[in-house]
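Engineer: missing the sequence, but the structure's below:
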Ligand code: GLY
């Protein structure tokens, strides 16, 4: 497989979607604007919610971004798994009432198989349990083998975050091989270990969830996709975890230097080095976006 640096991957993705007539926008601030349902921006689509619901007119009906994100629900897993971080960059392509499932699916496949040249037999797809349309597109239009497609329920394959635009989704996984597996005979797509990495989520945004939990059908369906840049870099660079990709390992090396510790000598120390590296990334970007340590809200997350 070809090796790409994290910065190269970001550029490859954004220019690929520019070639599909998307407008490239810079990352928005981590601090949500006019959205009381979120403490911090936690997905590429979050700052774009008004465009999905039709409250505001987007500058173009096709947009692509690389959005800085903070997610803390998995904070206890940071440093222990290969793929969790509280700070990450999310690549996304978005359609506001423009293209839908067919194009989103075809272009995702084109990007991973033609641009990145990921081996087809190691890519797995998940779809929402009753989404036969997605199954047909993946198998008949794109040519994915039916036995590489799995169906999951709402917990895994329905995207919603706070209130606002949401819908069923389809995810791309990469099989990193047995060496990253848990060894269980049941290890397969969806296993919690680090073998099958979910790296790209294609959301077929059809609903707007309100404060009372109602799913209101949107006048025009949209597309929201989210691909974890660091996870993609782990796959392309075939490194153990996100802290070992080219750019992030520089930070960890500095942490080692300051602390006088050596990476890969003791697992407990390694977890600490990875946690500190993760928290430096989150802290720096939060402070850059104007958050100050405090006892409440965003400031408490930073503290
Ligand atoms: N908005 C899709 C995702 O973050 O997975």
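Structural biologist: Good, I have the coordinates. Note that the coordinates shown come from a computational prediction; the quantities given were computed from them, not determined experimentally.

Engineer: As a check, name the ranges of all strands in the stretch 1-150 of the chain.
Structural biologist: Using DSSP state E, counting those that start in this stretch, the strands of the stretch 1-150 of the chain run over residues 23-25, 62-70, 87-95, 123-128, 149-152.

Engineer: who wins for proximity to the ligand among the ones you listed?
Structural biologist: strand 87-95 (6.0 Å; C-beta to the nearest ligand atom). (Each C-beta comes from the backbone N, C-alpha and C, glycine too.)

Engineer: partner strands of the closest one, parallel or antiparallel?
Structural biologist: Strand pairing for strand 87-95, using DSSP bridges, gives strand 62-70 (antiparallel), strand 215-228 (antiparallel).

Engineer: any idea which of those scores lowest on pLDDT?
Structural biologist: Lowest mean pLDDT within the strands paired with strand 87-95: strand 215-228, a mean of 93.

Engineer: Would you tell me whether it gets close to the ligand?
Structural biologist: Yes. Counting by C-beta under 6 Å from any ligand atom, the ligand has neighbours in strand 215-228: 224, 226.

Engineer: re the thing from before, now, of the strands paired with strand 87-95, which is deepest in the fold?
Structural biologist: The highest average neighbour count among these, using mean count of other C-beta atoms under 10 Å, belongs to strand 62-70 at a mean of 22.

Engineer: mind checking pLDDT for the nearest residue to residue 146 once chain neighbours are set aside?
Structural biologist: Using C-beta to C-beta, 6 or more residues apart in numbering and skipping residues adjacent in sequence, the residue nearest residue 146 is residue 139, 5.3 Å away. Residue 139 carries a pLDDT score of 98 in this model.

Engineer: picking that back up, could I get the strands paired with strand 87-95 as CSV with distance to residue 3?
Structural biologist: As requested, these are exported to CSV (distance: least, C-beta to C-beta, whole Å):
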stretch, distance to residue 3
strand 62-70, 20
strand 215-228, 18
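
Engineer: Show me the one of these that comes nearest residue 295.
Structural biologist: Of all the strands paired with strand 87-95, the one in closest proximity to residue 295, counting by C-beta to C-beta, is strand 62-70 (18.2 Å).

Engineer: Does that closest one reach the ligand?
Structural biologist: No. Strand 62-70 lies out of reach of the ligand by C-beta under 6 Å from any ligand atom, never closer than 7.9 Å.

Engineer: Same check on stretch 164-173?
Structural biologist: No. Contact of stretch 164-173 with the ligand (C-beta under 6 Å from any ligand atom) is absent, the minimum separation being 7.1 Å.

Engineer: any idea how far the closest residue to the ligand within the stretch 51-200 of the chain is from residue 143?
Structural biologist: Residue of the stretch 51-200 of the chain nearest the ligand, by C-beta to the nearest ligand atom: residue 159 (5.2 Å). Distance, residue 159 to residue 143, by C-beta to C-beta, to the nearest Å: 25 Å.

Engineer: Which residues are in contact with the residue of the stretch 201-303 of the chain found nearest the ligand?
Structural biologist: The ligand sits closest to residue 226 of the stretch 201-303 of the chain, with a gap of 2.8 Å, by C-beta to the nearest ligand atom. Shown in contact with residue 226 (C-beta atoms under 8 Å, 6 or more residues apart in numbering): 43, 44, 45, 90, 91, 92, 200, 201, 203.
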